[in-house]
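Visitor: Here is a sequence with its predicted model. Questions after.
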Amino acid sequence: MRTYTLLLFFCILAFSANAQQWQTDFEQAKSLAAENDLPIVLVFQGSDWCAPCIRLDREIWATETFRKYAETHFVMLKADFPRRKQNALSPEQTEANARLAETYNKNGIFPLVVVLDARGNVKGRAGYERLSPEDYIKMLESLSRS
């Protein structure tokens, strides 16, 4: 019985490893997008201070509907700008996020969602909108086709 329980645990672990993965490395995100012919959804957020960012995370990104869809339709790339010390990113990640902001978020808008092709070309922009996960997906898809 213990063997079956252990096997079940590893199957669940393997399945969850294929769930939506947030990338934090732009070059890796571009590589994944090119390999899988997917758009990149770059999200600029202030995870511990920006109320609309927190709502976007809770109402869209964290939903089962969005996560399931994103697994096979988007490469999700997060550029977080936390303010609290306990949430501080590594100096390398902070610098990488600042470089992304210099290119894609010069006005410092939070949240900002930028849909990119695999080369990093902007296809469209969005922010927090009171939409269902299904409607937000439709909006991202329409931006990725423009």
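Guide: Noted; the coordinates are in hand.
Visitor: Now do the same for Q20: its pLDDT.
Guide: With respect to pLDDT, Q20 scores 62.
Visitor: wait, E95
Guide: Note for E95: predicted pLDDT of 98.
Visitor: What count of nearby residues applies to it?
Guide: E95 has 11 neighbours, counted by other Cβ atoms under 10 Å. To be clear about C-beta, it is placed using only N, CA and C from the backbone, and glycine gets the same treatment.
Visitor: how close does it get to D80?
Guide: Using Cβ to Cβ, to the nearest Å, we find E95 at a distance of 13 Å from D80.
Visitor: what about stretch 102-110, how long is it end to end?
Guide: With Cα to Cα, to the nearest Å as the measure, the ends of stretch 102-110 fall 14 Å from one another.
Visitor: so who does the spatially closest residue to W49 that is not a sequence neighbour touch?
Guide: Closest residue in space to W49, ignoring its immediate chain neighbours: R83 at 4.8 Å, by Cβ to Cβ, 6 or more residues apart in numbering. Counting by Cβ atoms under 8 Å, 6 or more residues apart in numbering, R83 makes contact with 46, 48-49.
Visitor: Please indicate which of these has the highest neighbour count?
Guide: When neighbours are counted by other Cβ under 10 Å, G46 leads the contacts of R83 with 18 neighbours.
Visitor: So F81 is in contact with Q45, correct?
Guide: Yes. Here F81 reaches Q45: they are 7.1 Å apart, a contact under Cβ atoms under 8 Å.
Visitor: how about low-confidence regions in the chain?
Guide: Low-confidence segments of the chain (pLDDT under 70): 1-20.
Visitor: Pretty sure D117 sits against L42.
Guide: No. D117 is beyond contact range of L42, at 11.3 Å (criterion: Cβ under 8 Å).
Visitor: Mind checking which of those two has more residues around it?
Guide: Taking neighbours as other Cβ under 10 Å, D117 and L42 compare with L42 leading, 25 against 16.
Visitor: so that one sits in a strand?
Guide: Yes. Counting by DSSP: H, G, I helix; E, B strand; the rest coil, L42 is part of a strand.
Visitor: Identify the residues contacting it.
Guide: 29, 77, 79, 100, 104, 113-116.
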